[in-house]
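Trainee: I'd like to go over a predicted model; first the sequence, then the structure.
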Amino acid sequence: MMPFARKPRVAFFDFACCEGCQLSILELDEKLFDLLAHVEVVAWREVMSEISEEYDIAFCEGSITRQQDIERIKTIRDKAEIVVSLGTCASISCHNALKNKWAMNELLALVYSEYGEHIDTIPARPIADVVNVDYQILGCPVSLPEFETVFKRILTRQAYTPSNQPVCVECKRNDILCVHEKGMVCLGPVTRCGCNAICTAFGDACRGCRGLIDDANLEAPVRALFGEKLHPIMAEVARNNRLTGKEIIARFSLYNNTGRVGKGEESSDGTA
Amino acid sequence: MAQHNSINVHHVTRVEGHGDITAEIKDGILQQLRFSVVEAPRFFEAFLRGHHFNEVIHMSSRVCGICAVSHKCAALKATESALRVKVSRQTKLLRRLAYHGEILSSHILHIYFLAGPDFFGVSSILPLVEREPDMVRRAMRLKKLGYDLSALVVGRHTHPIAMTVGGFTFTLEVAHLAEMQDRVTQGLEDLRDTVRTLRKIELPHLERETEYVSLTHPNRYAFYDGEILSSDRDESVSRDKYREVIKEYVVDYSTAKYARWNRPEYMTGALARFNNNYDQLTDGAKTAADELGLPHPCHKPFMITIAQLVECIHCLEDAGKILQTLLVLGIQPDTEHTKIKDRAGTGVGAVEAPRGILFHEYQYDDRGKCLSANMVIPTAQNLANLEADMRAFAPTIAHESAETITHLLEMLVRAYDPCISCSTHVIHRR
């Protein structure tokens, strides 16, 4: 790949999400202006009025949840040389995919009763399920040091692969008491790191917002709940918390609903 | 000369979420006008069902990245009410501190980044980086202060971590409180400079008295707690009765629901709070209102942005007081949240999000699993009022060019600081 001949034109786009990843980027403060000095921002609906149809790098936030989103992301893909999925909604669907356990017509009837007919909604999916994505930034919301790293990698034409270590690595490095020791269910052992274990640092458990590591030993925590001692700490935590198989699947499904976990195991009324 | 203007704005820029404006003006007469919410629905109220309250709390802030603390507080209060959990004074003080941080960062984002560019004749804050570097740096400092104030207490603003049912999972160090006090003092200086900047700007003229709805509290300017008050009524109403007073309805051109109470429309948000609870503002905030030419009461929707600035001063002055109280009391490690037991119940939480009154309601079964969820968010409540304002405003600007009319209508939409990304989650099932 050739370096950029001139300042690359950057666009930000949003699909179904809370827009918190874009907002988090604003928290870079003065550093944001340092980064933006190397590019030309040509479209960012949340902060600017003019919208250019020509851009080199597209940061896309949010999940694909409507027929019209598919057309839109394909257009963006055609125009941009580089497409970045920004955040967990764009990368692995986040909570948005939790609606996929219903048939869409049932879901609309449930939420909008008789007014749902004109609403366009399709099962939620990550951007990468529709178009080829060049860079992926995980996190709900994205972690700023990682965003900065990826931004620089893009500008210097280097690839970026999210870490394949579990959150436990960062948690231990930060000398935080293991959440399992506190008797809570934590998804850190199977979740991709890169967040610097911020949730466990503030006393919560990891809920898996950065997605599963490759070849995560999912069987261990899930089977542990049914009494097979494959993962003794989690088995004990699950027993102490009186969790059933369905309940542990509900834990995993917050962020990892498009993966293997729990697929086809939901009850028909949608209560996982 | 016969003049026919069609206004069509696809996805209004510099607002949170997606909304379209359409208007037809013929010979100076407004034929038709709509503000349509075209955001993709996300179905939170459906998919929260079946999840344990700890997961519901975690997911609740993901409704909106900008009002993350408000949504989490509304969910916490609803859940604590359902589970009959009482929280400590320290917990309330800490939550109010995180809350002030959110109000500040959200209002500053609106004042400088979303509405502000219109005041300075630019299309975004980016050209101001070179033209007005001091002002942009001030905006960034204030926004960061709001963020850091929330982060001090809950780990980060989007999405808050340490707030949980019954209290906090993290014990904050007293030394950090003192550091924050210094920054609050500096922040107030920056806000006074902001007052000097905004005093000079000229806003479009529109005056239309309407019904103003907010929370109200006997002891303080209500953000985190209170009962529901309408400017049309003398008595406030308990939050548990929100379904009895606030009536939602659906229109066919929007994916969000509309709301009414005593009139066909009402306003909620900074100006409604200012009108309903003016007496409880801090002295500094009242002085700023005078300097900014914001009378009490005020019926000019373009002044919402000014009322937000007044609230920023209130929030930082009050945050200073809370920090002082916590410094005197010290911070006790909190273990109450570890003792919460599952139980069946229904609860309503009401808070004042940056854009207005926000309700969450949850029903849980005896294993703490969510049976039903409902959220009524501020922007949906404001939609009918925004349209009524647009209908009142359009004839007064009908002689202008289509471009100017479009710009002014967009400015009016922006004045409301709509946060559309969450406005489609409204549902009524029962």
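Mentor: All right, it came through fine.

Trainee: which residue ranges form the helices in chain B?
Mentor: Ranges of helices in chain B, per DSSP state H, are B:44-47, B:53-60, B:68-82, B:89-108, B:116-119, B:128-131, B:133-154, B:174-199, B:242-245, B:270-277, B:283-291, B:304-329, B:378-393, B:402-415.

Trainee: now the last one against helix B:378-393, angle please.
Mentor: When you say that, I think you mean helix B:402-415. Angle of helix B:402-415 versus helix B:378-393, following axes from the mean of the first three to the mean of the last three CA atoms, to 10 degrees, is 140 degrees.

Trainee: For helix B:402-415, C-alpha coordinates in CSV please.
Mentor: C-alpha atoms of helix B:402-415 as CSV (Å, rounded to 0.1, in the frame of the first residue of the first chain):
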residue,chain,number,x,y,z
ALA,B,402,-35.4,29.1,1.3
GLU,B,403,-31.8,28.9,2.5
THR,B,404,-32.3,31.3,5.4
ILE,B,405,-35.6,29.6,6.4
THR,B,406,-33.9,26.3,6.4
HIS,B,407,-31.0,27.6,8.5
LEU,B,408,-33.3,29.2,11.0
LEU,B,409,-35.5,26.2,11.4
GLU,B,410,-32.4,24.1,11.9
MET,B,411,-31.3,26.5,14.6
LEU,B,412,-34.6,26.1,16.3
VAL,B,413,-34.3,22.3,16.3
ARG,B,414,-30.8,22.6,17.6
ALA,B,415,-31.9,25.0,20.4
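
Trainee: Show the contacting residues for B:T13.
Mentor: Taking CB atoms under 8 Å, 6 or more residues apart in numbering or on different chains as the criterion, B:T13 is in contact with A:45-46, A:48-49, A:51, B:410. (C-beta placed from N, C-alpha, C; glycine too.)

Trainee: Now pLDDT and distance to B:G356 too, for these, in TSV please.
Mentor: Shown next, in TSV, are these (pLDDT from 0 to 100; distance: CB to CB, whole Å):
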residue	pLDDT	distance to B:G356
A:R45	80	23
A:E46	75	20
A:M48	79	26
A:S49	77	25
A:I51	74	28
B:E410	92	20
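
Trainee: Could you single out the nearest of the residues you listed to B:F53?
Mentor: A:E46 (31.9 Å; CB to CB).

Trainee: Look up how far chain A lies from B:P218.
Mentor: 33 Å (CB to the nearest CB, to the nearest Å).

Trainee: Among the helices of chain B, which comes closest to chain A?
Mentor: Proximity to chain A (CB to the nearest CB) singles out helix B:44-47 among the helices of chain B, at 3.6 Å.

Trainee: Buried residues in that closest one, which are they?
Mentor: B:44-47 (16 or more other CB atoms under 10 Å in any protein chain shown).

Trainee: Pass me the low-pLDDT residue ranges in chain A, would you?
Mentor: A:1-2, A:217-240, A:245, A:249, A:258-272 (pLDDT under 70).

Trainee: residues in contact with the residue nearest to A:E46 when sequence neighbours are not counted?
Mentor: Spatial nearest neighbour of A:E46, chain neighbours left out: A:Q22 (5.5 Å); criterion: CB to CB, 6 or more residues apart in numbering or on different chains. Contacts here follow CB under 8 Å, 6+ apart; on that basis A:Q22 touches A:12, A:14, A:44, A:46, A:61, A:86, B:65.

Trainee: got it, and B:N5?
Mentor: Per CB under 8 Å, 6+ apart, neighbours of B:N5: B:23-26, B:398, B:402, B:405.

Trainee: And it, what's its pLDDT?
Mentor: With respect to pLDDT, B:N5 scores 81.

Trainee: Pull up the gap between it and B:P395, please.
Mentor: B:N5 is 12 Å from B:P395, where distance means CB to CB, to the nearest Å.

Trainee: what about B:C64, neighbour count?
Mentor: By other CB atoms under 10 Å in any protein chain shown, 33 other residues sit near B:C64.

Trainee: what's the pLDDT at it?
Mentor: 91.

Trainee: ok, it touching B:T379?
Mentor: No: using CB atoms under 8 Å, B:C64 is not in contact with B:T379; the gap is 9.6 Å.

Trainee: If we ignore the residues flanking it in sequence, what's nearest the residue of the stretch 101-250 of chain A found nearest chain B?
Mentor: Chain B sits closest to A:G203 of the stretch 101-250 of chain A, with a gap of 2.9 Å, by CB to the nearest CB. Among residues not flanking A:G203 along the chain, B:T169 sits closest, at 2.9 Å (CB to CB, 6+ apart).

Trainee: residues touching the one you found, list them.
Mentor: So B:T169 contacts A:202-204, B:161-162, B:334, B:337 (CB under 8 Å, 6+ apart).

Trainee: let's go with 6 Å and repeat that
Mentor: In this structure, B:T169 makes contact with A:203-204, B:162, judged by CB atoms under 6 Å, 6 or more residues apart in numbering or on different chains.

Trainee: how far away is the residue most central in space within chain A from A:T121?
Mentor: The centroid of chain A falls nearest to A:T88 when counting by CA atoms, centre = their mean (1.2 Å). With distances taken as CB to CB, A:T88 is found 20 Å from A:T121.

Trainee: number of nearby residues for the single nearest residue of chain B relative to chain A?
Mentor: Closest residue of chain B to chain A, CB to the nearest CB: B:G65 (2.2 Å). B:G65 sits with 27 neighbouring residues when counted by other CB under 10 Å.

Trainee: Now residue 153: closest residue in space that isn't a chain neighbour?
Mentor: This is for chain A. Closest to A:R153 by CB to CB, 6+ apart is A:Y160, at 4.5 Å.

Trainee: ah, I was thinking of chain B
Mentor: With CB to CB, 6+ apart, the residue lying closest to B:V153 is B:A98, at 4.3 Å.

Trainee: Show the pLDDT at B:L76.
Mentor: 98.

Trainee: same deal with the one 3 residues further on?
Mentor: Among the per-residue scores, B:T79 shows a pLDDT of 98.

Trainee: Would you mind measuring from it to B:A307?
Mentor: B:T79 is 31 Å from B:A307, by CB to CB.

Trainee: List the contacts of B:M59.
Mentor: With CB under 6 Å, 6+ apart, B:M59 has these contacts: A:H95.

Trainee: And the chain, what are its domain boundaries?
Mentor: Since no chain was named, I'll use chain A. A:9-155, A:167-253 (automatic domain parsing).

Trainee: Wait, chain B was what I had in mind.
Mentor: B:4-37, B:44-422.

Trainee: Tell me which of the ones you listed sits most buried.
Mentor: domain B:44-422 (a mean of 21; mean count of other CB atoms under 10 Å in any protein chain shown).

Trainee: ends of stretch B:387-404, how far apart?
Mentor: Length of stretch B:387-404, first residue to last, CA to CA, to the nearest Å: 18 Å.

Trainee: Let me know whether B:I228 touches B:V237 as I believe.
Mentor: Yes: between B:I228 and B:V237 there is a contact under CB atoms under 6 Å: 4.6 Å.

Trainee: Would you mind naming what in the stretch 151-300 of chain B lies close to chain A?
Mentor: Residues of the stretch 151-300 of chain B found near chain A (CB under 6 Å from any CB of the partner chain) are B:155, B:158, B:161-162, B:169-170, B:250, B:255.
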